[in-house]
Each structure stands twice: as C-alpha cells, then as structure tokens.
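Undergrad: how would this look folded up:
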Amino acid sequence: MTTPPRKPAASYSRKATAVDPQAAERARVARGWLHTAHFLTSAPQLEHLPTFDLPEIAFVGRSNAGKSTAINTLTQQTRLAFASKTPGRTQHINLFGVGKQKVDDAVLADLPGYGYAAVPKEAKLRWQRVMGNYLMTRPNLRGVVLMCDPRHGLTELDDILLDVIRPRVEQGLKFLVLLTKSDKLTRSDGAKALSIARLQAGGGEVKLFSALKQHGVDEAAELLWRWAHPEDGQPAPPSEPPPEQAPIDEQP
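TA: Just a heads-up that it's a prediction; the model follows:
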C-alpha cells in the first residue's frame, strides 16, 4: 500500500521574519544599559529629592496600570520597583541610577500611582500636588513615561497629568504612553487602542507593551536610551520649566 505524501507543516511554509541586525544591536545596548539600574534614594516630598546634573526619566500612571511591573521588565530585575499589595499605598518618589561601569549617566524616577479609590482624599490631593510640582519644576527632567491599561484607556486623571506637562512637552520634554498588559487584547483591539491613545497623547509617542509576552520591551528600552543619550541618537535637549508657571496647589 502506497503511503500518501505528507503535507508540509504550516511552519515550513511561512516566511521567517527578518531580523534587523542593527535594530537588534541597539536593543541589546539599551537593555544592557537599563539592567544597571540601582536604587539611589526615596523621598516623601519634592524638597527632599537630591539634585542631579543627569537626565531624568519619570514613570507615572494610575494604580493597577502595571507601572512597577513595566519598570522591572525594562530593567530585567524582579524587585527594583516595589509593587505594593495594596495599590496606592506606596507614596514616595523613588530614584534609580543607570549607567555602565558603575558610572551613572541617567536617573529613573518612579512616581507614586494615583487614582486608587481606597486612598483618603487628603492623601490623593497631597500627592497630586507633589507630582504636579515635580513634573513642572524638576530642572533635569528629560522624559515622562505614562503607563496606561488600554482596556480602560486614558482617564480623567491621566488627562490632568497631560495638561500639566504639555507646556514642557512643547519645549522639548519627551513623552511616551505605554499601553501595558497588551497581551490581553486581540490584534484588532490593540490597533484600536493605539489609534485612540495617539489622538489623546497630543504629540507623545504611544507603544503597546506586554511584560508577560515581552512585546514592545526592546522598542521602549531603545527609546529611553535615546532620550538619555541624545548625542548617540535623535536630539533630545533638556527642557527648562516655564518661568511663568507656579506650583500646583490642588488638582480636582
């Protein structure tokens, strides 16, 4: 009895995705750089933060948006950024130094998550003031990364934050929206979330990101590297805070 020929496996008939060697090398350098991140200090108030003559990149977002997980994924560390079991409980600005050969050339700032319902209103207002003042007046702030769960989209509090940083973005401050937990979306839902977020971001970059699937990690890491090293990538001049702005007293 003649055995019928087997059909080729589906994987054999698919064309392999070409890998750009230069892009792969840039991602390797960027991720190696981020892996050097280490704790510097923690401060409950803006005036307690030390001043640095280094570019600083701030990570912000609502509680439960996956901010700590994203930071730990980008730095390939498990507990660099602390994720509290009670969202909204962590209320300090944490600074991490980044730089090869134990010489820091940038600082990562992990700002407290905002918007968690169980946090008392007084604490919410206090942290909105601290974050607003930080984002408006921190002189060495080079870029801001906003974490957003794409299943919920940018919320009213996210819009308030965008309004706060908009004058500095117009002056050159870099801005990125990371749509975290993108592995929970279908491809069509992901494309829709990207389109909506790009309209809301007002000039900032938007990328899908999944810590679980490692999706978007290389692209985000390379972008942060370019922000901190403008001489090695696209120009990113440091933004000076607008002189006419006054500190935020209260956010709704």
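
Undergrad: give me the low-pLDDT residue ranges for the stretch 151-252 of the chain?
TA: 232-252 (pLDDT under 70).

Undergrad: A strand includes M147, no?
TA: Yes - inclusion of M147 in a strand is indicated when DSSP: H, G, I helix; E, B strand; the rest coil is applied.

Undergrad: Specify the beta-bridge partners of it.
TA: M147 forms beta bridges with G61, L178, as assigned by DSSP bridges.

Undergrad: check contacts around it.
TA: The neighbourhood of M147, defined by Cβ atoms under 8 Å, 6 or more residues apart in numbering, consists of 59-62, 65-67, 70, 178, 180. For glycine as for every other residue, the C-beta is placed from the backbone atoms N, C-alpha and C.

Undergrad: That one and V29: what is the separation?
TA: 24 Å (Cβ to Cβ, to the nearest Å).

Undergrad: which of the contacts of M147 lies closest to L108?
TA: Proximity of these to L108 (Cβ to Cβ) peaks at F59, which lies at 6.9 Å.

Undergrad: what secondary structure does F59 sit in?
TA: Here F59 is recorded as strand under three-state DSSP.

Undergrad: That one - how many residues pack around it?
TA: Applying other Cβ atoms under 10 Å, we find 25 other residues in the vicinity of F59.

Undergrad: what does V103 give?
TA: V103, neighbours per other Cβ under 10 Å, totals 8.

Undergrad: What's the per-residue pLDDT of it here?
TA: Looking at V103, its pLDDT stands at 94.

Undergrad: for it, phi and psi?
TA: For V103, the backbone dihedrals (degrees, to the nearest 10) come out as phi -120, psi 110.

Undergrad: ok, now how distant is it from T36?
TA: 9 Å.

Undergrad: ok, so of the contacts of M147, who is nearest I165?
TA: For the contacts of M147, the nearest to I165 is V60 (9.2 Å; Cβ to Cβ).

Undergrad: how close does the most centrally placed residue in the chain get to D158?
TA: Centroid-nearest residue in the chain, with Cα atoms, centre = their mean: V145, separated by 3.2 Å. Separation of V145 from D158 (Cβ to Cβ) stands at 13 Å.
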